[in-house]
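# Below: sequence and its predicted model.
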Amino acid sequence: MKKTKTAANEGTAELEKVPSGVKGLDDISGGGLPKGRPSLVSGGPGCGKTLFAMEFIVRGITDYGESGVFIAFEEKIDDLKKNFRSMGFDLDDLVRRKELVLDHITIDRSEIEESGEYDLEGLFIRLGTMIDEVGAKRVAIDTLEALFSGFANEAILRSELRRLFLWLKDRGVTAVVTGERGERTITKYGLEEYVADCVITLDHRIMDQIATRRLRIVKYRGSIHGTDEYPFLISSDGISVLPITSMSLSHTASEERIATGIPRLDTMLGGKGFYRGSSILVSGQAGTGKTSIAATFIDAACRRNEKCLFFIFEESESQLLRNMKSIGIDLGPWVKSGLLKFHAVRPTAYSLEMHLSMMLKLVAEFSPTVIAVDPISNLYPIGDDIQVRSMLMRLIDFAKSLHITGLFTNLSNDAVSEVYALESTEMHVSSLMDAWLILKNVEGNGERNRAFSIIKSRGMAHSNQLREFVLSDQGIQLLDVYKGSEGVLFGSARMAQESSEIDDRLRKNEEIERKKRELESRRKLMENEIALLKERFAREEEEMKILIGKDISREKAAAKTKTDIATQRQVDR
């Protein structure tokens, strides 16, 4: 059995606790309910008291090996079995295994006559027998008001109830006793002041036609505990309590980068994309392409074989799948393969707390690595700024603790078309996000175009340039914007500028080619002239060689003639 010990104050004995079996309650109670002591659970009709008591017993048996006793004063045993079978609680099986005892006690006022002393000795004997029968460590009594409905002497009721709680404590069993809430008191008879070591109230309220359930620990002797009202959800898995405050900032930061599915955006983020586990906000006006970015991000994650969870508040799953095909994104295969799961619901269907509870429950069940919420601005009608911010803070921190990357879209009501104007999110959630992307509608030249920029991206260098955001059947494209005489150019103005630049480049290329041809012609002419000069030079050189040769021959002939004449004259040498 799991045990938790908490020191209430320095110098006092440690208080042992046992897990309650109610999801989330142990987190705010410091470890569970006080071991061997009674706890009072109070609330109005339909708030979940009986379920709380039954889950305490059943989870104690199935999860912690502690047998239990459940005494009902209102519902019959067969009804209890049928009601809890729908939640997966097989009470018959637990009874057969002698780990659970169920008992229904009928209190009929017409059969009770109050005279003299009235006590609960018979209940003590009956309850003691059941505890001994299965060696019970846990006891649940549902509800106190039914037990005392036939008696008017409030002093006797208080005395006997105090004795019941002391008797439970003497037996060493951990008990949950439920009670109806009074008009101005926690219980109908105002007994919470002294009879229980732990007092918990459950509340089921309606605000703006939306039902909300909340839990509060009113007191907990010997233990530090959360004192706020905490929203809780009743689902097929039982009760889930959500701490209203954010988790501690103790999660580790990942160094891994993941691609966005938009190559140019990855380039703007240093070529690597966002950090895994980061929170990303995409805000913009209607029709700017926020959902398209979310779908592209999801598609890229699925291509990496990662599981993704897509929460949508405006479209049905079928409609979103159809719409994304128009930009070349087919998410259908990912749904069929089990990598992608949608949760589509109108925001007004639940309270903020129930939305959050459903989201956390689905995340825990599906174990995605990427989640997308489209759009968070639709949550605003069911909560004020603080409530929505608190909800998103809890969701973001929960995702970060699991290294889940979250992408959130937000509809901006800023109708200003000035591209450079920074907008503030309605719910002031941008400060919660690690990265913030802005989409804008830009009007000009009789048309509307989209502009994209990165406002921030924590922990990495990122581009500060504006890009034109284009949706086509090939997906999302981020194009360079052009600076004209009248400012930044988009759409047809950009296309005209591009065309003009292309024409300029063609003209320049043609001029360069013309000059190349002229130079080539001049080069050939020069080469021809050089060749002619070389040929003329060669002829003249040859003529010079011939003349020199003839002159030498004449000199030789003259010398020979002179020699011959000298010989004939017999001239002395």
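Happy to help now that I have it. Residues are numbered from 1 along each chain as shown.
# Can you give me the distance of Arg205 to Ser318?
35 Å (CB to CB, to the nearest Å). (Glycine included, C-beta is placed from N, CA and C.)
# same deal with Glu66?
47 Å.
# Check Arg458 too.
From Arg458 to Ser318 the distance is 36 Å (CB to CB).
# Pick out the residue closest to the middle of this protein.
Gly406 (3.3 Å; CA atoms, centre = their mean).
# Just confirm that residue is within a strand.
Yes: under DSSP: H, G, I helix; E, B strand; the rest coil, Gly406 sits within a strand.
# which residues does the residue nearest to Leu25 when sequence neighbours are not counted form a beta bridge with?
Among residues not flanking Leu25 along the chain, Val241 sits closest, at 4.9 Å (CB to CB, 6 or more residues apart in numbering). Using DSSP bridges, the beta-bridge partners of Val241 come out as Phe232.
# Who are the contact partners of Val241?
Residues near Val241 by CB atoms under 8 Å, 6 or more residues apart in numbering: 22-25, 27-28, 215, 230-232.
# taking these one by one, which sit in helices?
25, 27-28 (DSSP state H).
# helices and strands around the lengthiest helix in the chain, which ones?
Of all the segments of type helix in the chain, defined by DSSP H, the longest one is helix 491-568. Here helix 491-568 touches strand 447-457, strand 482-484, going by 3 or more CB pairs under 8 Å, 6 or more residues apart in numbering; DSSP states H and E.
# any low-confidence regions in the stretch 301-450 of the chain?
413-428 (pLDDT under 70).
# rerun that using 50 as the cut-off
415-426 (pLDDT under 50).
# can you pull the contacts of Lys560?
Lys560 neighbours (CB under 8 Å, 6+ apart): none.
# out of Arg458 and Ser318, which sits in the busier spot?
Arg458 (14 against 11; other CB atoms under 10 Å).
# Look up phi and psi at that one.
phi -60, psi 140 (degrees, to the nearest 10).
# The nearest residue to Thr348 once chain neighbours are set aside and Ser431, how far apart?
Leaving aside its sequence neighbours, Thr348 sits nearest to Ile382 (CB to CB, 6+ apart; 6.0 Å). Using CB to CB, Ile382 is found at 22 Å from Ser431.
# I'd like to know which elements whatever helix or strand Lys336 lives in is packed against.
Secondary structure assignment for Lys336, by DSSP states H and E: helix 332-337. The contact analysis (3+ CB pairs under 8 Å, 6+ apart) places helix 332-337 against helix 290-303, helix 317-325, strand 340-344.
# out of the ones you listed, deepest packed?
Greatest average neighbour count among those goes to helix 290-303 (a mean of 23), per mean count of other CB atoms under 10 Å.
# Could you tell me the least trusted of the helices and strands packed on helix 491-568?
Note on these: lowest mean pLDDT is at strand 482-484, with a mean of 64.
# Can you name the element that comes right after the helix or strand of the chain with the lowest mean pLDDT?
Counting by mean pLDDT, DSSP states H and E, the weakest-scoring helix or strand in the chain turns out to be strand 4-6, with a mean of 45. Per DSSP H and E, the first helix or strand lying C-terminal to strand 4-6 is strand 15-18.
# Show me what that next one is packed against.
strand 4-6, strand 33-34.
# Report the backbone C-alpha coordinates of it in CSV.
C-alpha atoms of strand 15-18 as CSV (Å, rounded to 0.1, in the frame of the first residue of the first chain):
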residue,chain,number,x,y,z
LEU,A,15,0.5,12.5,9.7
GLU,A,16,0.2,9.3,7.7
LYS,A,17,-2.0,9.5,4.5
VAL,A,18,-3.5,7.0,2.1
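# how about the ones in helices among the contacts of Val241 in JSON lines, adding neighbour count?
Formatted as JSON lines, these follow (neighbours: other CB atoms under 10 Å):
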{"residue": "Leu25", "neighbour count": "26"}
{"residue": "Asp27", "neighbour count": "15"}
{"residue": "Ile28", "neighbour count": "20"}
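# Make TSV out of those and add pLDDT.
Formatted as TSV, these follow (pLDDT from 0 to 100):
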residue	pLDDT
Leu25	89
Asp27	84
Ile28	85
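# Quick check: which ranges of this protein have low pLDDT?
Residues of the chain that meet the cut-off, pLDDT under 50, sit at 1-13, 110-116, 246, 415-426, 573.
# give me the number of residues near Glu535?
10.
# His204: which element?
strand 198-207.
# Now do that strand: everything it contacts.
So strand 198-207 is contacted by 29, 33-34, 37-44, 46-49, 52, 181, 186, 192, 211-221, 223, 229, 232, 351 (CB under 8 Å, 6+ apart).
# do the same with stretch 161-174
Outside stretch 161-174, the residues touching it (CB under 8 Å, 6+ apart) are 18, 33-39, 66, 119-120, 123-124, 128, 131, 136-139, 144, 148, 175, 177, 189, 191, 194-196.
# now stretch 338-347
298, 302, 305-313, 315-317, 320, 331, 334-335, 355, 358-359, 362, 366, 368, 378-379, 381-382.
# same thing with stretch 81-99?
51, 54, 58, 61, 67-68, 75, 80, 100-102, 133-134, 236-238.
# now the end-to-end length of that stretch.
15 Å (CA to CA, to the nearest Å).
# how far out from the middle of the chain is that stretch?
36 Å (CA atoms, centre = their mean, to the nearest Å).
# Tell me the buried residues in that stretch?
Within stretch 81-99, the residues scored as buried using 16 or more other CB atoms under 10 Å are 81, 84, 89, 91, 94, 99.
# Of these, which belong to helices?
Filtering these for helices - DSSP H - leaves 81, 84, 91, 94.
# Of those residues, just say which sits nearest to Ala557.
Phe84 (144.8 Å; CB to CB).
# chain center to stretch 170-181, what's the gap?
39 Å.
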